[in-house]
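S.K.: Next input, structure requested:
(one chain, ligands or ions: 1)
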Amino acid sequence: MREPRQEKLIPALGFRWLTPAYDLVVRLTTREAAFKAALVAQLELPPAARVLDLGCGTATLTLMLKRRFPQASVAGVDGDAEILRIAREKVRRSGLDVDLREAMAQALPYADASFDCVASSLFFHHLERAAKLAVLAETRRVLKPGGALHVADWGGATGPLSRGAFVMVQLLDGFPNTADNVAGRLPGLMEQAGYASARETQRLLTVFGNISLYGAQKPHERLEAARA
Ligand SMILES: C[S@@+](CC[C@H](N)C(=O)[O-])C[C@H]1O[C@@H](n2cnc3c(N)ncnc32)[C@H](O)[C@@H]1O
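M.R.: Prediction:
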């Protein structure tokens, strides 16, 4: 029998009945093609790398990663069985080989140091601060030393226009879980969770506010040992 789930899961677009419309809404409102392409372009992978798409949803980014890095082993994980059904159908139609799993990001079903890179898009704003930190610790666990974290998500507001526009996202997805995003605190939380060189790398204005791209690195073993 499955253990009851401890962590809260906010589904894509906040409400379960909106799940079938997710791809259309995101395509029309978030400049999805541009920001996901920019995120993929940020990755530098060794040959035969292992990459994880965290909170993969309908697997749009997962498939973009596999197309850009055909030699890489690409995995996607999400806590919502319903959105994974859409993802599995898209993967089946693509004919590409990616491994999708249902799991909460707070307890990833992967061994320590098993990925060269964790990428994630529009995911961290679903988590309140304690959960953000728990997930960042978990991604650090599954990354190899020196491995990279690449994130695209709602970022800091740059003025009243982008702040006002973001209220629509907050009405759908929630206020406590999005507060650190719109205050631009994701890099600080990454550093707090033990990442190095956490930084915003790009920002795109959308109708719902700013989407920021971030990069950070799991320190190499020597630095990890010095930190302990
Ligand atoms: C807005 S969607 C983003 C999906 C996809 N990454 C994209 O860019 O289109 C957020 C996803 O995070 C998932 N999610 C939310 N909290 C989660 C958690 N704690 N663990 C795993 N998945 C979670 C949701 O099920 C949803 O599919």
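S.K.: quick one: secondary structure of the residue most central in space within the chain?
M.R.: Among the residues of the chain, the one closest to the centroid is residue 120, at 2.2 Å (C-alpha atoms, centre = their mean). The three-state label for residue 120, taken from DSSP: H, G, I helix; E, B strand; the rest coil, comes out as strand.
S.K.: What is the neighbour count of the residue nearest to residue 174 when sequence neighbours are not counted?
M.R.: Nearest-residue entry for residue 174: residue 10, 6.0 Å, with adjacent residues in sequence omitted and distances by C-beta to C-beta, 6 or more residues apart in numbering. For the C-beta atoms, the positions are set from N, CA and C on the backbone; glycine is no exception. Residue 10 is surrounded by 18 other residues when neighbours are defined as other C-beta atoms under 10 Å.
S.K.: my guess is residue 10 meets residue 175, correct?
M.R.: No - with contacts counted by C-beta atoms under 8 Å, residue 10 stays clear of residue 175, the gap being 11.4 Å.
S.K.: Quickly note the distance from residue 81 to the ligand.
M.R.: 9 Å (C-beta to the nearest ligand atom, to the nearest Å).
S.K.: Give me the phi and psi angles of the closest residue to that residue other than its chain neighbours.
M.R.: By the measure of C-beta to C-beta, 6+ apart, the closest residue to residue 81 outside its immediate chain neighbours is residue 102, 5.4 Å from it. Here is the backbone geometry of residue 102 (degrees, to the nearest 10): phi -100, psi 120.
S.K.: Take stretch 146-157, keep the C-alpha atoms, and write them as PDB.
M.R.: As requested, C-alpha coordinates have been extracted for stretch 146-157 and formatted as PDB (Å, rounded to 0.1, in the frame of the first residue of the first chain):
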ATOM      1  CA  GLY A 146      30.200  20.300  -9.700                       C
ATOM      2  CA  GLY A 147      26.700  19.600 -11.300                       C
ATOM      3  CA  ALA A 148      24.500  22.400 -12.400                       C
ATOM      4  CA  LEU A 149      21.000  23.600 -11.400                       C
ATOM      5  CA  HIS A 150      19.200  25.600 -14.100                       C
ATOM      6  CA  VAL A 151      15.900  27.100 -13.300                       C
ATOM      7  CA  ALA A 152      13.300  29.200 -15.200                       C
ATOM      8  CA  ASP A 153      10.500  30.600 -13.000                       C
ATOM      9  CA  TRP A 154       8.500  33.600 -12.100                       C
ATOM     10  CA  GLY A 155      11.200  36.100 -11.000                       C
ATOM     11  CA  GLY A 156      11.500  39.400  -9.100                       C
ATOM     12  CA  ALA A 157       9.100  42.200 -10.200                       C
END
